[in-house]
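Colleague: turn this into a structure:
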Amino acid sequence: MGFVIRILSEPRAVTTTALRCQTKAFGLSVLNFMASSRFAILLMIVLAVAILGATIGHVLQAEKSAQVHFNGASQALEALRTAGTGNLWLFIPLLSLLTLSLVCCTARRLPKMLRVVRHPMSRLDEPREGTLTFSRRWKTCGTAAQWTEAFRSTLEATFATPKVKEEHGSVLLCAERGLLSRFGPDMAHVGILLVLVGTATGSVFGFKSQLTIPEGKEASTLPARGEERPVALPFLVRNNGVRLETSADGHLKGYSTDLSVIENGLEVKRKTIKVNDPLVYKGIGFHQSRYGKAGPPQAQIVVKKKMGRIVELLTLAPGDRQVVPGYGTVTAVDHRPDLNGSGPALEVVLEKPGKPAERFWLLQKSPTSDWQRRDDHYLIYTDNKENLYAGLQVVRDPGANVVWIGCALLMTGILLAFFTSHRRIQVRISSLPDERVEVHATGLATRNTAAFERKFDSVLSGCGGWESGAGR
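Modeller: So this is what the prediction gives:
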């Protein structure tokens with residue numbers, strides 16, 4: 001009975017083993033395909049086409065929106081920025097496949113490179129000799145100790161300090177330079193992965209928004225792009241003033257904003273920001289992007305007594321009220337750039353305790369225009385102050401440092417892969433009868449083999465016993 005059961009179970013065991021072998025072979029085929037350059041190039045072409053199509057679609061959509069709904073260039077640019085994101089469903093799988101391809105390629109390459117680094121002094125057998133760039137073999141007089149010292153000193157002086165190892169009655173010397181170039185592609189792959197991870201981190205956990213703060217005002221919330229609810233900042237940001245720099249002929253040279261960060265009622269940081277010089281606090285950056293007029297200009301008013309002493313300095317825009325201690329309340333009602341040819345004028349209302357309100361105009365070009373009220377105080381309209389706002393781009397990108405590290409690794413990997421070469425010289429010295437030795441020298445270079453061949457032959461010639469052009 002047991003014999004019958006064994007016979008019946010053997011085909012099942014054979015089938016299971018074959019299935020496992022097929023599954024393993026299929027898995028290796030998929031891994032090799034995803035790690036291949038053909039798959040990576042195909043992904044890059046599809047990504048380029050998708051990016052080009054998305055860009056053209058966004059431009060056309062923004063142009064159409066600007067023609068229908070907007071009337072200015074700034075609105076058109078905003079429409080381009082906020083154009084639909086319907087192609088995200090395509091980019092996410094493509095970038096995921098690119099990431100998987102890089103991981104597979106690195107996983108397949110890295111163990112081989114580590115073996116090359118950790119075991120440089122492998123035996124110079126016939127199969128391995130066929131994979132090397134150069135190979136020289138000759139017999140000469142002398143002892144193994146003499147030739148070992150000759151090659152060691154020559155390699156150390158002209159190439160690199162060799163490692164010496166004895167095995168199976170032979171002496172093996174190995175000297176190499178540019179070992180890091182082997183890891184250039186792997187560093188580039190890791191750099192691209194870090195760039196992708198950093199970008200994804202910033203997209204998920206960060207935000208980018210536009211914030212407008214008039215002079216003298218504060219803000220603690222901002223509308224985040226793509227969010228329905230405003231984002232609450234853990235502190236207040238105050239605009240202390242916008243400064244314009246002009247040249248001698250009146251042209252604008254630049255602009256800046258004096259910002260303060262208020263936390264728990266205290267000013268914890270203050271900086272005058274300019275374009276490309278932001279204020280950064282708790283990982284949130286405030287970048288200067290624009291400025292503009294926040295409303296009508298503010299009038300500068302001096303309150304003086306008849307005897308000439310200045311009582312108060314007022315800064316009022318239409319609708320503003322300000323109390324003058326011991327005198328009354330002054331309210332700005334209207335501002336005219338030119339009142340009947342008399343120049344800039346400001347209409348004010350003066351309210352004094354126990355007296356009816358007075359309404360009159362102050363002329364900037366006529367400092368004595370208020371004398372006709374025959375009061376013990378009079379008002380002088382001296383100047384206008386533009387009421388400006390600062391347009392800020394607020395950015396929080398927790399993956400920015402990861403992206404920068406990835407870019408550094410990517411550039412370093414590219415430089416190592418394309419502009420450096422791993423060069424290795426191995427020499428095996430075997431003793432023969434009658435005080436003779438057999439010298440077998442091999443060379444390996446990953447790039448610029450012509451220059452390395454000249455160096456290789458010069459090293460061998462420097463040891464003696466070999467002449468360029470001799471048999472290989």
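Colleague: mind jotting down where the helices sit in the stretch 301-450 of the chain?
Modeller: Using DSSP state H, counting those that start in this stretch, the helices of the stretch 301-450 of the chain run over 400-419, 449-463.
Colleague: and the helix or strand containing residue 171, what does it pack onto?
Modeller: For residue 171, the enclosing helix or strand under DSSP states H and E is strand 170-177. Applying 3 or more C-beta pairs under 8 Å, 6 or more residues apart in numbering; DSSP states H and E, we find strand 170-177 packed against helix 144-158, strand 163-167, strand 423-432. C-beta coordinates here come from the backbone N, C-alpha and C atoms, glycine included.
Colleague: quick one: pLDDT of the closest residue in space to residue 223 that isn't next to it in sequence?
Modeller: With sequence-adjacent residues excluded and distances taken as C-beta to C-beta, 6 or more residues apart in numbering, residue 223 is closest to residue 230, at 5.1 Å. On the pLDDT scale, residue 230 is placed at 77.
Colleague: relative to residue 148, how far out is residue 230?
Modeller: Distance of residue 230 to residue 148, given as C-beta to C-beta, to the nearest Å: 77 Å.
Colleague: between these two, who's got more neighbours?
Modeller: Relative neighbour count places residue 148 above the other of residue 230 and residue 148, with 19 against 12, counting by other C-beta atoms under 10 Å.
Colleague: the more buried one reaches residue 166, doesn't it?
Modeller: No - checked against C-beta atoms under 8 Å, the pair residue 148 and residue 166 is beyond contact range at 9.2 Å.
Colleague: partner strands of the strand holding residue 171, parallel or antiparallel?
Modeller: Strand 170-177 has these partner strands in its sheet, going by DSSP bridges: strand 163-167 (antiparallel), strand 423-432 (antiparallel).
Colleague: among those, which comes closest to residue 290?
Modeller: Distances from residue 290 to each of the strands paired with strand 170-177 were compared by C-beta to C-beta, and the smallest falls on strand 423-432, at 55.6 Å.
Colleague: for residue 311, grab the count of nearby residues.
Modeller: 13.
Colleague: contacts only, for it.
Modeller: Contacts for residue 311 (C-beta atoms under 8 Å, 6 or more residues apart in numbering) come out as 303-305, 324, 326-327, 377.
Colleague: after the least confident helix or strand in the chain by mean pLDDT comes which helix or strand?
Modeller: Ranked by mean pLDDT, DSSP states H and E, the helix or strand of the chain with the weakest confidence is helix 73-81, at a mean of 45. Reading on from helix 73-81 to the C-terminus, the next helix or strand found by DSSP H and E is helix 88-118.
Colleague: which helices and strands sit right next to that following helix?
Modeller: Other helices and strands packing on helix 88-118, by 3+ C-beta pairs under 8 Å, 6+ apart, are helix 2-34, helix 37-69, helix 184-205.
Colleague: low-confidence stretches in the chain?
Modeller: Judged by pLDDT under 70, the chain has its weakly predicted residues at 1-16, 18-20, 22, 24, 26-27, 54, 57-89, 119-132, 224-229, 465-472.
Colleague: what is the longest strand seen in it packed up against?
Modeller: Looking only at the chain and at elements set by DSSP state E, the strand with the highest residue count is strand 230-246. Counting contacts by 3+ C-beta pairs under 8 Å, 6+ apart, strand 230-246 is packed against strand 207-214, strand 218-223, strand 252-263, strand 266-273, strand 284-293, strand 388-396.
Colleague: deepest of these, which one?
Modeller: Most buried of these by mean neighbour count (mean count of other C-beta atoms under 10 Å) is strand 388-396; its value is a mean of 21.
Colleague: list the contacts of it.
Modeller: Outside strand 388-396, the residues that touch it by C-beta under 8 Å, 6+ apart are 206-215, 222, 237, 239, 242, 244, 257, 259, 283-294.
Colleague: so what strands line up beside it?
Modeller: Using DSSP bridges, strand 388-396 pairs in its sheet with strand 207-214 (antiparallel), strand 284-293 (antiparallel).
Colleague: thinking again about what came up before, which other residues reach the longest strand of the chain?
Modeller: 207, 209, 211, 213-224, 252-263, 268, 270, 272, 281-282, 284, 286, 291, 388-390, 392.
Colleague: relative to strand 284-293, how tilted is that strand?
Modeller: Between the axis of strand 230-246 and that of strand 284-293 there is an angle of 60 degrees, by axes from the mean of the first three to the mean of the last three C-alpha atoms, to 10 degrees.
Colleague: can you pull the buried residues of strand 230-246?
Modeller: Judged by neighbour count using 16 or more other C-beta atoms under 10 Å, the buried positions of strand 230-246 are 231, 233, 235, 237-240, 242.
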